[in-house]
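Asks: predicted model, plus sequence, below.
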Amino acid sequence: MPFQSIIDDLAEHGWSLQEHFLCDDLAHALATECRKREARGDLAPAGVGRADALAVREGIRGDFIQWLELGQSAVGDRYLESMESLRQALNREFFLGLDEFECHFAFYPPGAFYKPHLDRFRDDDSRTVTAVAYLNHAWQPEYGGSMRMYLENDETLDIPPLSGSLVVFMSGDMLHEVLPTTQERLSLTGWFRRRSVQVL
Ligand SMILES: O=C(O)CCC(=O)C(=O)O
Ligand SMILES: [Fe+2]
């Protein structure tokens, strides 16, 4: 079961890569859904920060996003249901108290990137585990657009955004970035959250 290997990887080193997490038809249908939203103009430039501190900073990230909610599309619901099963598996194993999953489509036009960052906000530690699913069929190495993770001992790992793969990591620990892409790059980025304890 892929969930067990995600859990084992997280316990061992805080991240996991599952190269065939989504079956081909689901990955393809999600890519179609993302492109449809993009064509309709539903995606908006992504911001940096949270709520009232939210700002669009093109020097930091250049992707366009739209949140995925239950009931918007059958294919979106299928993805959210599999993340719900993963949430329950993570809670059973790690007692993280994850009580929510939020996720958005992301569309990186050619030239876009996302500079190195952690997924946890300075004033809100509710984002606990990050899960990113990639939706790019026949992605070639020369397109760029890999996600670079900064591991221990100054090592880095570049993960190409290949259709169907899922990367999971601890949101507060893993420094990561999206390297500049030369092609349109589609993904679903999400976070398992626990109830936020506000730092005043
Ligand atoms: O698309 C990716 O590979 C990662 C995106 C990301 O780091 C984010 O949205 O916080
Ligand atoms: Fe991130």
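Replies: Here it is on my side, so go on. Note that this is a predicted model, so its numbers are computed, not measured. Numbers count the residues shown, from 1 in each chain. Ligands and ions are numbered 1, 2, ... in the order given.

Asks: contacts and neighbour counts: CA atoms only from here.
Replies: Fine.

Asks: for this protein, what spans make up the helices?
Replies: 2-13, 24-40, 74-94 (DSSP state H).

Asks: right, and those - which one's nearest ligand 1?
Replies: Closest of the helices of the chain to ligand 1 is helix 24-40, at 13.6 Å (criterion: C-alpha to the nearest ligand atom).

Asks: tilt between that closest one and helix 74-94?
Replies: 120 degrees (axes from the mean of the first three to the mean of the last three C-alpha atoms, to 10 degrees).

Asks: would JSON lines of the helices of the chain with mean pLDDT and mean neighbour count be doable?
Replies: Output for those, formatted as JSON lines (pLDDT from 0 to 100; neighbours: other C-alpha atoms under 10 Å):
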{"stretch": "helix 2-13", "mean pLDDT": "94", "mean neighbour count": "15"}
{"stretch": "helix 24-40", "mean pLDDT": "97", "mean neighbour count": "17"}
{"stretch": "helix 74-94", "mean pLDDT": "96", "mean neighbour count": "16"}
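
Asks: residue in this protein nearest to ligand 1?
Replies: For the chain, C-alpha to the nearest ligand atom, closest residue to ligand 1: residue 147, 4.5 Å.

Asks: please, where are all the strands along this structure?
Replies: 15-18, 44-45, 64-68, 98-108, 114-117, 127-134, 147-150, 156-159, 166-170, 175-178, 185-194 (DSSP state E).

Asks: quick one on the thing from earlier: can you redo the helices of the chain as CSV with distance to ligand 1?
Replies: Listed next are the helices of the chain as CSV, based on distance: least, C-alpha to the nearest ligand atom, whole Å:
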stretch, distance to ligand 1
helix 2-13, 17
helix 24-40, 14
helix 74-94, 16
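
Asks: flag the shaky bits of the chain, pLDDT-wise.
Replies: 1, 49-56, 58, 196-200 (pLDDT under 70).

Asks: can you pull the residues of it lying near ligand 1?
Replies: 119, 147, 177, 178, 187, 189 (C-alpha under 6 Å from any ligand atom).

Asks: ok so, going back, and the residue of the chain closest to ligand 1, how many residues sit next to it?
Replies: 21 (other C-alpha atoms under 10 Å).

Asks: and it, what does it touch?
Replies: 158, 159, 160, 161, 176, 177, 178, 179 (C-alpha atoms under 8 Å, 6 or more residues apart in numbering).
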